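**Q** What would the 3D arrangement of this be:
(chains A and B)
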2 protein chains.
Amino acid sequence: MRTLNDSMYNSYKCWLQTSLPEEGILKTINPLLPKEGYRIRQLNNHISIEGGSNAGLIYGTFALHRRLAAGHDIDCEGAPRIARRVINHWDNPDGSIERGYAGKSIFFKNGELNYSIEQVNDYARLLASIGINEITINNVNVSAEGAKLLTDMLPDVKKIADIFRPWNIRISLAINFESPVLLDGMPTADPLDPNVRLWWEKRVEEIYSMIPDFSGFLVKADSEFIGGPVAHGRTEADGANMLARILAPFGGVVYWRCFIYDCLQDWRDSTIDRPKAAYEIFMPQDGLFEPNVILQIKNGPCDFQVREPNSPLLGALKKTNRALELQITQEYTGQQIDLYYLGTQWEEVFSFPVDDKLVLRDLMGKKINCIVGISNIGNDENWTGNILAQANLYAFGRLAWDPSLTAGEILKEWIPMTFGGNTEVIEKIYEILMRSRETYEKYTTPMGLGWMVNVHSHYGPSPEGYEYSKWGTYHRANYKAIGIDRTSKGTKFTLQYHPSLTAMFDDINKCPEKLLLFFHRLNYSHVMKNGKTLLQHYYDLHFEGVEDVEEFIEIWKSLEPHLPKKAYDNVLERLKLQLKNAIEWRDVLNTYFYRFTGIPDAKGRKIYE
Amino acid sequence: MRTLNDSMYNSYKCWLQTSLPEEGILKTINPLLPKEGYRIRQLNNHISIEGGSNAGLIYGTFALHRRLAAGHDIDCEGAPRIARRVINHWDNPDGSIERGYAGKSIFFKNGELNYSIEQVNDYARLLASIGINEITINNVNVSAEGAKLLTDMLPDVKKIADIFRPWNIRISLAINFESPVLLDGMPTADPLDPNVRLWWEKRVEEIYSMIPDFSGFLVKADSEFIGGPVAHGRTEADGANMLARILAPFGGVVYWRCFIYDCLQDWRDSTIDRPKAAYEIFMPQDGLFEPNVILQIKNGPCDFQVREPNSPLLGALKKTNRALELQITQEYTGQQIDLYYLGTQWEEVFSFPVDDKLVLRDLMGKKINCIVGISNIGNDENWTGNILAQANLYAFGRLAWDPSLTAGEILKEWIPMTFGGNTEVIEKIYEILMRSRETYEKYTTPMGLGWMVNVHSHYGPSPEGYEYSKWGTYHRANYKAIGIDRTSKGTKFTLQYHPSLTAMFDDINKCPEKLLLFFHRLNYSHVMKNGKTLLQHYYDLHFEGVEDVEEFIEIWKSLEPHLPKKAYDNVLERLKLQLKNAIEWRDVLNTYFYRFTGIPDAKGRKIYE
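**A** Residues are numbered from 1 along each chain as shown, chains lettered A, B, ... in the order given. As a prediction, the model looks like this:
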């Protein structure tokens, strides 16, 4: 039913190259099904796809694609568990993408919306195939230029919305809260000022006159040097509610990001602890937000590190709608050079406990009825720079549809859809992708330490690159110990969790070892469960990480005969760069701790002076 | 004879506000004097200025200004010790200035030469007043845009040359060695390719047809990712000589920079030592360069750090013309925020031994008959951002004219010329400027360590910011020691000096303590001549540095009644920023070493964990 060759790879560049049978599919709308739901049946002389609406038919069609490629039974039913499945683009009007690793924006160029209709339509189809139903096209860091999407560029936003609409994808915009000042020179953007409200009312009316299904505004406010209601002496709720009340009559929502912390922290002040910030700001306002405000919360309390506990805010808020924000683009996780399948990480995020009974997955589709992913695509021919990074976009969409899927199940769909049915290919790619996150973690910052990256680029090691900065990202390593004590005897961060979790994280014997240095400050001589010292364990992981990458390269090379040349070369090139990066991390980090301790590797492996 | 008030400060913005008597000056040319020389005599009813040429008259007139302001006898003679007194601008066509801290370029804007004739003429007069006779208007890092100065922008270069000519200042251009490729798409820039030579011949003919007194080309080649002859399998001499032979008939020269080193070094490889690079490259080529090639050598073997030994190349080359390159712009030395009078540093550079008999000053005007300073000016109203940074431009010009002047003598001219004759003002500004360099050194990287700055910006502390980078700038601190052993038992850098210096630097008891960590790797427990451990000495210097800045602020405040408000406010604002910076350096660096050692300050002062 399907073949795979270079020319198909070139033309589709993604998992959509599966061919559907041209005939024999009967599509009908069945109003008894959920609106976005579908049912597929193999009947005697045809395949029936029923959909709760046109959207359901779209999703049913792609489900059929998927099941044919993965070799699953055709008969099935489906409906999304989560209502809002959103992609955020961090695309700037000049065509650059903040933390983008796959070329330039497919939407913007030279300060305007300037795009290929065909490419954007291909992208809409790609997103529809994994069930995405909303997209924010511009960066949350909204410059004065970007703010013009609300005004001068609005007719062009409408055209984009028209491309996405047939694919059941609505448009939202990231706005700058100071837009009344930036765009119209108004004296203030105070959310309680009547003229400011009037200004926003006008904008919203204009938007809905052109884009009747416009989804709403995404707001990064009072964060990282960007203005917001607090700068006007108001609260986050004041700001979000002002916008929400204006949007409500049109069915629009406000996504209000909770990524707020002191980004001018004094490193000397160890009483401030960055991961505590969002909870401290938003918990007192729980219940004060309008029903169409959605608080958008990153999975971890820091910032998309290789391993963090879940943000306590996700579970703690009781009366406020919220969205889980995941980062598909690999900012701190290899930048689409290093292999890093995020599915495994996200599976853990969903499995992370909220209290003594529930895990995050249990909340999904309820008060957390929205998932947002930061896009990893750009205008690179294969969308994601590294073709294997497509698995992350795919996994995001599938998990947004159904958070109970496992990382492995998703890969078993994606690999055959992308590389064909060869068992060796499927098994080997499955192996390296499933191992990829742990490998990356081994050679970078294991045990929950995080950061230690090069300043600005966030790629490659710089153990003290952010150590004395204003960003609140400290590990305070010295000659005998490392880490921040975040227990209830330390910065008290653990008190933000349900008591059962506080107890677990506080107790060095119960705290998951993979998060040990997130929660505890430990001597290098601390003995791990495997009997090794923390230091030796650390050395071992770094040596292992490099060995893993060497193994990945060998595995990949063995697949050469079975893969399209372009895909093979693309990944091999990246793997070689990854090996270089892994060696750099291993050597720099091992040396960093060796210089503190003077303790050599127990196995006598090379650590540089 | 002179007064100083706000309006004069505003209009002249520099030391040139001294009023000359309107009448009673007789200027005559005396061909018996050196061409740029002058003689001034107070006669009965007039002052006579004789000049060896018009240039001599210009310099004589400014000398009269200076002597009147400083209260010196009017009768005097003068002639420059050094033939070529050059300012290099690191100005880019887009108007930015690489490592500029006083606003934008006064020459460039939006990709073209776009300037105020009045401002450029003011600047020419300013430079003439201190004896500068040549200027390179564009950045040594020549982009494809900047390369067009040779072609499209040449008519505009001519206009600039016309403004500078009456002030006895010639123009030179920084060129990109790859220009034939960049500008005309030629297949190569190989200096031995006849077509390449023809291409340059054409350029040079064109230039001299428009600018008959054009001085020559400044070339940064094979350095920091910029192409050069080595990239074509040739030598530096091949590249420089090709250009020199073309320029020779027109009287032009080639300034060939020696700032070449491995900027992709592997930090693991301790056999490479960046300061050795220039000597290793250029010494074997000594004598191979055409007579109109001038090798342009930075004062230190690293890169304008707060304290370095002199580059061994300055003294070692025997058969090659050379220029001493100094950095007036305060890249690593406070960025015109922190007070840093470079005069004291340059006096040391000239007093640094070349062998067992001579110091660098003794070579000046001979094989080193050229001094180059990297400009510290921009379009800020007071030229240099911090008005006190004007002293550095002034000192550069005066030392280029006469390297035997002391830093103090120069200040005693500059202060009254700039701030008037009030004794308290003169004495107090003298004090803080004379102390400023040592103060900056105390709170940053004393004992010759260098670097430890924030990546990219080069302002503020980041002790390991460059530690694992590719730039060759390592200090390799660990729990017990710091520094690179550059002695003849270490990287052998000291062998590049005359044996008497090798012996001095090799011997830990004879090596100047202020350069101890440049040449030696030492334990923190090393006992200094003052009886303190290295570590305690280090702590003490950092505490003292901050105290000095606090004292500077008090001294400056005491001058408020005697200073124009604008100048007073300008410096006070910078001093307050400096205090913040000094505290940051003190705390970060003390903490950095405390974390390695666990040894607190002997006097119990606060060191953060």
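
**Q** tell me the contacts of whichever residue of the stretch 401-550 of chain A sits closest to chain B?
**A** Nearest to chain B in the stretch 401-550 of chain A, going by CB to the nearest CB, is residue A:478, at a distance of 3.8 Å. Quick note: C-beta positions are derived from backbone N, CA and C, even for glycine. Each residue near residue A:478 by CB atoms under 8 Å, 6 or more residues apart in numbering or on different chains is listed here: A:596, B:594-596, B:598, B:609.

**Q** Going by distance to residue A:541, which of these wins?
**A** Of all those, residue A:541 sits closest to residue A:596, with 16.9 Å by CB to CB.

**Q** What residues are bridge-paired with the closest residue to residue A:314 other than its chain neighbours?
**A** The spatial neighbour of residue A:314 that comes closest, neighbours along the chain excluded (CB to CB, 6 or more residues apart in numbering or on different chains), is residue A:297 at 5.5 Å. Listed by DSSP bridges, the beta-bridge partners for residue A:297 are residue A:324.

**Q** Distance of residue A:297 relative to chain B?
**A** 31 Å (CB to the nearest CB, to the nearest Å).

**Q** end-to-end on stretch A:106-114?
**A** 8 Å (CA to CA, to the nearest Å).

**Q** Buried residues, it. List them.
**A** Neighbour-count burial for stretch A:106-114 flags A:106-108, A:112-113 (criterion: 16 or more other CB atoms under 10 Å in any protein chain shown).

**Q** so which of those are also by chain B?
**A** With the criterion set as CB under 8 Å from any CB of the partner chain, no member of these is near chain B.

**Q** I figured residue A:127 hits residue A:87, correct?
**A** Yes: judged on CB atoms under 8 Å, residue A:127 makes contact with residue A:87 at a distance of 6.4 Å.

**Q** Need the residues touching each of the two.
**A** Common contacts of residue A:127 and residue A:87 (CB under 8 Å, 6+ apart): residue A:135.

**Q** related to what we said a few turns ago, out of the contacts of residue A:478, which end up buried?
**A** By 16+ other CB under 10 Å, the contacts of residue A:478 give A:596, B:594-596 as buried.

**Q** and the two most separated of these?
**A** Of all pairs in the buried ones among the contacts of residue A:478, the most separated under CB to CB is A:596 and B:594 at 12.4 Å.

**Q** Is residue A:469 in contact with residue A:267, as I believe?
**A** Yes: at 7.0 Å, residue A:469 counts as touching residue A:267 under the criterion of CB under 8 Å.

**Q** which one of the buried residues of stretch A:106-114 is nearest chain B?
**A** residue A:112 (20.5 Å).

**Q** Spit out the contact partners of the closest one.
**A** A:93, A:153, A:156.

**Q** same deal with residue A:53?
**A** If you count contacts by CB under 8 Å, 6+ apart, residue A:53 has them with A:29, A:35-36.

**Q** what residues does stretch A:581-594 touch?
**A** By CB under 8 Å, 6+ apart, stretch A:581-594 touches A:334, A:337-338, A:439, A:443-445, A:452, A:459-463, A:477, A:524, A:535, A:538-539, A:542-543, A:545-546, A:549, A:600-601, A:607-609, B:267-268, B:468, B:478.

**Q** and the residue in the stretch 1-150 of chain A that chain B sits nearest to, what does it touch?
**A** The nearest approach of the stretch 1-150 of chain A to chain B comes at residue A:94, 15.3 Å away (CB to the nearest CB). Counting by CB under 8 Å, 6+ apart, residue A:94 makes contact with A:108-111, A:145.

**Q** out of the contacts of residue A:112, which are inside strands?
**A** Judged by DSSP state E, the contacts of residue A:112 include no members of strands.

**Q** Tell me, how many residues neighbour the closest residue to residue A:214 other than its chain neighbours?
**A** Leaving aside its chain neighbours, residue A:214 sits nearest to residue A:207 (5.2 Å; criterion: CB to CB, 6+ apart). As a burial measure, residue A:207 scores 24 neighbours (other CB atoms under 10 Å in any protein chain shown).

**Q** And the helix or strand that contains residue A:207, what's buried?
**A** Assigned by DSSP states H and E, residue A:207 falls within helix A:194-210. Neighbour counts over helix A:194-210 (16+ other CB under 10 Å) mark A:196-197, A:199-200, A:203-204, A:207-208 as buried.

**Q** Could you give the backbone dihedrals for whichever residue of the stretch 251-400 of chain A sits closest to chain B?
**A** Taking CB to the nearest CB as the measure, the stretch 251-400 of chain A has residue A:268 as its residue closest to chain B, at 4.7 Å. Residue A:268 adopts backbone torsions of phi -70, psi -20, taken as degrees, to the nearest 10.

**Q** Can you pull out the low-pLDDT segments for chain A?
**A** The model of chain A has pLDDT under 70 over residues A:1-14, A:17-22.

**Q** how does it divide into domains?
**A** Domain assignment for chain A, taken from automatic domain parsing, gives A:6-78, A:84-419, A:420-484+A:521-609.

**Q** Name the stretch among the ones you listed that sits most buried.
**A** Mean neighbour count (mean count of other CB atoms under 10 Å in any protein chain shown) peaks for domain A:84-419 among the domains of chain A, with a mean of 21.

**Q** Flag every residue of the stretch 401-550 of chain A that's near chain B.
**A** Checking the stretch 401-550 of chain A against chain B by CB under 8 Å from any CB, the hits are A:454-456, A:461-465, A:467-468, A:476-480.

**Q** Let's see which of these end up in strands.
**A** Among those, no member falls in strands (DSSP E).

**Q** Now for those residues: which two are most distant?
**A** So, those by CB to CB: farthest apart are A:456 and A:480, at 30.8 Å.

**Q** Show me what the helix or strand harbouring residue A:552 is packed up against.
**A** Following DSSP H and E, the helix or strand that holds residue A:552 is helix A:534-558. Secondary-structure packing of helix A:534-558 (3 or more CB pairs under 8 Å, 6 or more residues apart in numbering or on different chains; DSSP states H and E): helix A:423-443, helix A:565-597.

**Q** Many thanks, we can stop here.
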